[in-house]
Every structure is written in structure tokens, then in C-alpha cells.
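K.L.:
pasting the structure only:
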């Protein structure tokens, strides 16, 4: 179940007219706005973001404008904000104004902002971050995530990244980009097919499978550098798509060392701990529950690929999906209550969400093309995926309520296999 505080739970039961009113609550001694942005009936908040003023007495207005522009991009990405012209203020629908300033002294940059409630004339406590001048963009995005927390009670995700596969160089290699589509970075240079990137639980390392040595081997690389990669498993056959446990100590990998693709538990050095499935069809695409006690995966043991849930303590499994010609690529939500997956329906792949306990699935996508490889944002409010149209694939995102589908990156070639990173510390 989606976690809400008592005030937000009460809010969801009110008529729509009252939902449009913002309620305030006290959290840890500081005033916060409690907005249930998962409710599709709530209108977007009008927010104005004027250029940040220079509190150090300088005259470089470019810094203040650049910070404001990035704040706007970051807030807009979260989907519950409508950016309005700050020169028109409340007349154009600004419910809140971001009052920001910065100070640059001795190569050290301080950024600070607070939210002004235009209707009540009240200002929330200011948020402030410090760092080097070179960290300007990161400080601005830290501020975005803090402002999102003021609105919703949970930090934002503007500092997260998405790993994906791109064939822009002629070979399918692994890339990394922040969620705003900036700072795209090539991770692998094998000049061969690479697939299925997976972040470790702390987001510092990235695992993937590559065929550059002839076999589908499993590798991992430290994202702090661009040169060295380490083999986790080079066993004959498939070595595919690890799911890292929430405690960061183990992973579950598909291996076909005995001929049949089965799920194995391994330590972080690639040593096998346990075999979870044994010759019960093809078993792939594992995804941990947030508490680490269960696993969702795909198996064709019943004749067609379906989504199953396994209790890791007993290894007992239960069938989760019943509808659709083919159900694959499940991903467990960070909140623990839902699973998103890809389903073949009427000759096209679309995304569906189903409660963990089972029940009727909800179709998330309906547009033209094929929608595949869903991956949750760390706040559980958005889903990234690859969308194929006219033979071309691109990375897109949609809000978990089915609203706001849009393309994230516009790059040369085709992009596929997206994987959303955890939040950065």
C-alpha cells in the first residue's frame, strides 16, 4: 500500500474541490506542504521561479538565471508543478514562488531558497546547500529535491540517473544519463552487444551482460571511473541480469550452466550460494521486493511466459499474472505494493501494473508502438521504459497514474533496456 501520513490519507477521501486546497502539517518540527501527487484528480501547482539574487554583492546575474533555469527543469520533471511567469506572479496562477539567492565567495557557492505561499502570505523555512563553484548544478538539484520534499513529504529524484543501451556508435553499448537528459556518458566500449544494465543497491556500480568474448558473460564496473570492468560470472551459457538484494550482499542471476536457464543466488564476488529454480522452464528477469523476502520473476513453466512471485525463505512460488498472451519484465515498486510488467496484448507490448497480492491488472500505456523494459523511479511515482515506433526505440517515462508520458532522451540511434538508479547520497 502506498505510504501516506494520516493527513494525506484523510485528504484522499475528500471531494475534488477540497483536494485542490493545500493542507499544512508539521514534520520534525518544520512546516511542510502535504500534497498527494499520486491522485490524478489534483491539479498542478502553479510555481514561479524568478532568477536567484546575488547575496554576496556581485553583479553576475548569469549565475542566478542558470540556477533558476535548472530549478525549473527539475521541478517540472516531477510532474505536479506548472511553471508560471514570475513577472506575472499570482495573476497567472502562482500558488508558490521560489525565493532564491546565492553567494559565491572564494570559490565556494551557497544556494538557498524558500517557498512563499502567495495566498497565505507565509514562507516555509529556507533550504540551503554549500559546495564548490564547480558543483553549481548539483547544488541546484539538491535544492530541487528539498523543495519537492517540502511539497510532498518525500525528497525528489532530480539527482538520479538512468542507465540504458544505445547503438549510436554502431554497437550496442551501455550509457548513463541524468534524468534531465544532460551529461550523457558512455560506460562500455566493447564494440559488441551489451544488454541489461543493473545498478547495485548503492548506485555506485553497474552490472551488465556482454557478448564481446563470445559468451554472454556478466560484468560489473565502478561508475567513478571509465576504464576498468570486472567479470562476475563467465560460466558457460547465460549469465544474465542480476537483481541485487536490498542489503547489498547478494544478487540473483539467471545462469544456464546446466542447460536450463535457472535462477541462482550469488555473493558479490560471483560465487553461487543457492539454486532457486530447477528445470521448471525458462526462469529470468528477477526483481527483489523492498524487504528482500520475496522475488518476482518470469517463467514459462505453464507453457507461456508469466509473472511469478517466490517466497525466498520457502522457495514456494505463486502465479501472479493470468491475462495477456505473454507477461514479462516485472519490476517491484519501491513502495512494495505493486509490480509493473510488460504484456503482449493484441500483437503489441504494453505496460501493466498489478497489486502484489494479485487481482486485476491496470493498463498503464495505450499509445502507438511497443512499450517494454519498465523500471521504477526510486520514489515509486514514475516509470521509465523503452518505446518502439517505426523501428526506432527511445527512452520514455510516465507517471504511475498513467499521466505525463514523454520522451526523456533524444539521441542518435535506438535506446533500450533502461534502468533507474537509486537516489544519490
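P.N.:
Received, thanks. Since we're looking at a predicted model, the values are computed, not measured.
K.L.:
so where's the chain uncertain?
P.N.:
Along the chain, the parts satisfying pLDDT under 70 run over 1-42, 57-60, 88-92.
K.L.:
now do 50
P.N.:
Applying pLDDT under 50 to the predicted model, the residue ranges of the chain that meet it are 1-30, 91.
K.L.:
Pull up the pairing partners for the helix or strand residue 196 falls within, direction included.
P.N.:
In this structure, residue 196 sits in strand 194-199 according to DSSP states H and E. Strand pairing for strand 194-199, determined by DSSP bridges: strand 205-210 (antiparallel).
K.L.:
Residues in contact with the partner strand: which ones?
P.N.:
For strand 205-210, contacts defined as CB atoms under 8 Å, 6 or more residues apart in numbering pick out 163, 174, 176, 187-188, 190, 192-200, 216-223, 232, 239-242, 244, 251. Where C-beta positions appear, they are placed from N, C-alpha and C, glycine not excepted.
K.L.:
contacting residues for the most centrally placed residue in the chain?
P.N.:
Centroid-nearest residue in the chain: residue 377, 2.1 Å away (criterion: CA atoms, centre = their mean). With contacts defined as CB under 8 Å, 6+ apart, residue 377 is in contact with 157, 160, 334, 383, 384, 397, 420.
K.L.:
Show residues contacting stretch 249-263.
P.N.:
207, 218, 232-233, 235-245, 264-268, 273, 275-286, 288, 295, 297.
K.L.:
all helices for the chain, in order.
P.N.:
For the chain, helices defined by DSSP state H occupy the ranges 6-12, 16-19, 61-77, 136-152.
K.L.:
just the ones you listed: most buried one?
P.N.:
For the helices of the chain, ranked by mean neighbour count under the definition mean count of other CB atoms under 10 Å, the leader is helix 136-152 at a mean of 22.
K.L.:
Which secondary structure elements does it sit against?
P.N.:
With contacts taken as 3 or more CB pairs under 8 Å, 6 or more residues apart in numbering; DSSP states H and E, helix 136-152 sits against strand 30-34, helix 61-77, strand 108-117, strand 127-132.
K.L.:
which stretch among the ones you listed comes nearest residue 401?
P.N.:
When the helices and strands packed on helix 136-152 are compared for distance to residue 401 using CB to CB, the nearest one is helix 61-77, at 15.7 Å.
K.L.:
who does the closest one touch, helix- and strand-wise?
P.N.:
Helices and strands touching helix 61-77, as assessed by 3+ CB pairs under 8 Å, 6+ apart, comprise strand 53-54, strand 81-84, strand 96-105, helix 136-152.
K.L.:
ok so, going back, may I see the helices of the chain organised as TSV, with distance to residue 366 added?
P.N.:
Written out in TSV, the entries for the helices of the chain read as follows (distance: least, CB to CB, whole Å):
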stretch	distance to residue 366
helix 6-12	25
helix 16-19	24
helix 61-77	22
helix 136-152	27
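K.L.:
Mind giving me the PyMOL command for buried ones among the contacts of strand 205-210?
P.N.:
Applying 16 or more other CB atoms under 10 Å to those leaves a buried subset, and the PyMOL line that selects it is:
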select buried, resi 163+174+176+187+188+190+194+195+196+197+198+199+200+216+217+218+219+220+221+223+232+239+240+241+242+244+251
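K.L.:
Tell me which of the contacts of strand 205-210 fall in strands.
P.N.:
Assignment to strands by DSSP state E places the following of those there: 163, 174, 176, 194-199, 217-222, 232, 239-242, 244, 251.
K.L.:
Let's have the helices and strands packed on helix 136-152 in TSV, adding distance to residue 55.
P.N.:
Shown next, in TSV, are the helices and strands packed on helix 136-152 (distance: least, CB to CB, whole Å):
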stretch	distance to residue 55
strand 30-34	22
helix 61-77	10
strand 108-117	8
strand 127-132	11
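K.L.:
now for those, which one comes closest to residue 357?
P.N.:
Nearest to residue 357, of all those, is strand 30-34, at 27.2 Å by CB to CB.
K.L.:
burial measure for residue 347, as a count.
P.N.:
Each residue near residue 347 was counted by other CB atoms under 10 Å, and the total is 7.
K.L.:
Kindly report the same for residue 294.
P.N.:
19.
K.L.:
mind listing what it touches?
P.N.:
Counting by CB under 8 Å, 6+ apart, residue 294 makes contact with 288, 309, 310, 311, 312.
K.L.:
ok, now with 10 Å
P.N.:
If a contact means CB atoms under 10 Å, 6 or more residues apart in numbering, then residue 294 has 287, 288, 309, 310, 311, 312, 313, 317, 318, 332, 336, 356 as its contacts.
K.L.:
Neighbour count and distance to residue 324 added to these, as a markdown table?
P.N.:
Output for these, formatted as a markdown table (neighbours: other CB atoms under 10 Å; distance: CB to CB, whole Å):
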| residue | neighbour count | distance to residue 324 |
| --- | --- | --- |
| 287 | 23 | 18 |
| 288 | 21 | 23 |
| 309 | 20 | 16 |
| 310 | 23 | 20 |
| 311 | 13 | 24 |
| 312 | 17 | 26 |
| 313 | 8 | 29 |
| 317 | 19 | 19 |
| 318 | 11 | 17 |
| 332 | 22 | 18 |
| 336 | 16 | 23 |
| 356 | 18 | 18 |
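K.L.:
ok, which pair from the residues you listed is furthest apart?
P.N.:
The most widely separated members of those, counting by CB to CB, are 317 and 336 (18.4 Å).
K.L.:
do you know which of the helices and strands packed on helix 61-77 lies nearest residue 116?
P.N.:
With CB to CB as the yardstick, what comes closest out of the helices and strands packed on helix 61-77 is strand 96-105 (4.4 Å).
K.L.:
from what I can see residue 133 touches residue 66, true?
P.N.:
No: Residue 133 is beyond contact range of residue 66, at 11.8 Å (criterion: CB atoms under 10 Å).
K.L.:
tell me the contacts of residue 131?
P.N.:
108, 109, 110, 111, 138, 139, 142.
K.L.:
Can I get those residues in TSV including distance to residue 346?
P.N.:
Shown next, in TSV, are these (distance: CB to CB, whole Å):
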residue	distance to residue 346
108	58
109	54
110	55
111	50
138	45
139	48
142	45
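K.L.:
partner residues bridging the closest residue to residue 200 other than its chain neighbours?
P.N.:
Excluding the flanking residues, the one nearest residue 200 by CB to CB, 6 or more residues apart in numbering is residue 244, at 5.3 Å. Taking DSSP bridges as the rule, residue 244 bridges to residue 251.
K.L.:
Show me the domain layout of the protein.
P.N.:
Following the assignment in automatic domain parsing, the chain carries domains at 43-146, 161-420.
K.L.:
how far out from the middle of the chain is the longest one?
P.N.:
The gap between the average C-alpha position of domain 161-420 and the chain average comes to 12 Å, counting by CA atoms, centre = their mean, to the nearest Å.
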